[in-house]
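Trainee: Model the structure of this input:
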Amino acid sequence: VELGTPTVSDDKDSNPIVANDAPSLFTLGTNPVTWTATDSIGNSASATQSVTVLDTIPPSITVPDDFVAVAESAIGAAVDIGEAIVSDVCDPAPVVTNDAPSVFPPGTTRVTWTATDSIGNVATASQTVRVLTPRDLKEIAVADLRAIREIIGSGVDGVGRPGKAAEEIDEATEDVTKSL
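Mentor: From the prediction side, this is the model:
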């Protein structure tokens with residue numbers, strides 16, 4: 001903290017000694033600093049300066065990784081989304097909250113986590129929870145099967161017939177597609 005320099009004058013001493021009792025480290029809140037000027041014959045005068053230290057730094061918050069779950073029913077899935085990791089330079093225990101529902105509906109839900117320190121500084125971060133339905137799982141399976149089929153290509157054997165692996169992938173893709 002830069003305290004500045006006081007203005008000092010003395011009618012007998014043009015260069016009085018000036019000292020203060022400022023700590024090397026100021027704490028949060030108002031910190032009094034007493035300045036004392038002493039002239040060459042020992043006369044002194046004092047004045048107090050107030051140094052106010054404010055916490056303006058929000059907490060640090062790290063949320064759990066995004067999460068994918070499978071719906072347990074038509075209304076969605078109860079998901080343990082984990083715990084956020086929070087720290088603050090001044091508050092050893094910032095308050096952490098989130099807006100997660102008790103049951104996540106099918107689809108994508110953004111969870112907003114909020115950390116608030118004792119002074120009121122706030123930090124937020126978000127986590128995404130995706131709940132898949134059985135239909136979503138089948139669509140993913142079809143996409144995966146089609147990607148594998150693309151990789152192995154026509155898969156023909158030595159006489160130009162489709163290879164066994166290609167046939168099996170085509171059959172599996174057809175079966176899953178019919179169930180959609």
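Trainee: any idea where the strands of the protein begin and end?
Mentor: For the chain, the strands defined by DSSP state E cover 17-20, 29-38, 44-53, 60-62, 67-70, 85-87, 95-98, 107-116, 122-132.
Trainee: Please compute how far the last one lies from its chain's middle.
Mentor: Centroid displacement of strand 122-132 relative to its chain, using CA atoms, centre = their mean, to the nearest Å, is 10 Å.
Trainee: In terms of secondary structure, what does it contact?
Mentor: strand 60-62, strand 67-70, strand 107-116 (3 or more CB pairs under 8 Å, 6 or more residues apart in numbering; DSSP states H and E). Any C-beta I mention is one placed from the backbone N, CA and C, and that applies to glycine too.
Trainee: what mean pLDDT does the longest helix anywhere in the chain have?
Mentor: For the chain, the helix that runs over the most residues, judged by DSSP state H, is helix 134-152. Averaging pLDDT along helix 134-152 yields 79.
Trainee: In PDB, list the C-alpha atoms belonging to it.
Mentor: Only the C-alpha atoms of helix 134-152 are listed here, as PDB (Å, rounded to 0.1, in the frame of the first residue of the first chain):
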ATOM      1  CA  PRO A 134     -33.300 -44.900 -25.600                       C
ATOM      2  CA  ARG A 135     -34.000 -43.300 -29.000                       C
ATOM      3  CA  ASP A 136     -30.800 -41.200 -28.600                       C
ATOM      4  CA  LEU A 137     -28.800 -44.300 -27.800                       C
ATOM      5  CA  LYS A 138     -30.100 -46.000 -30.900                       C
ATOM      6  CA  GLU A 139     -29.300 -43.000 -33.100                       C
ATOM      7  CA  ILE A 140     -25.800 -43.000 -31.700                       C
ATOM      8  CA  ALA A 141     -25.500 -46.700 -32.400                       C
ATOM      9  CA  VAL A 142     -26.600 -46.300 -36.000                       C
ATOM     10  CA  ALA A 143     -24.200 -43.400 -36.500                       C
ATOM     11  CA  ASP A 144     -21.400 -45.500 -35.100                       C
ATOM     12  CA  LEU A 145     -22.300 -48.500 -37.200                       C
ATOM     13  CA  ARG A 146     -22.400 -46.300 -40.300                       C
ATOM     14  CA  ALA A 147     -19.000 -44.800 -39.500                       C
ATOM     15  CA  ILE A 148     -17.500 -48.300 -39.100                       C
ATOM     16  CA  ARG A 149     -19.100 -49.400 -42.400                       C
ATOM     17  CA  GLU A 150     -17.500 -46.400 -44.000                       C
ATOM     18  CA  ILE A 151     -14.100 -47.300 -42.700                       C
ATOM     19  CA  ILE A 152     -14.200 -50.900 -43.900                       C
END
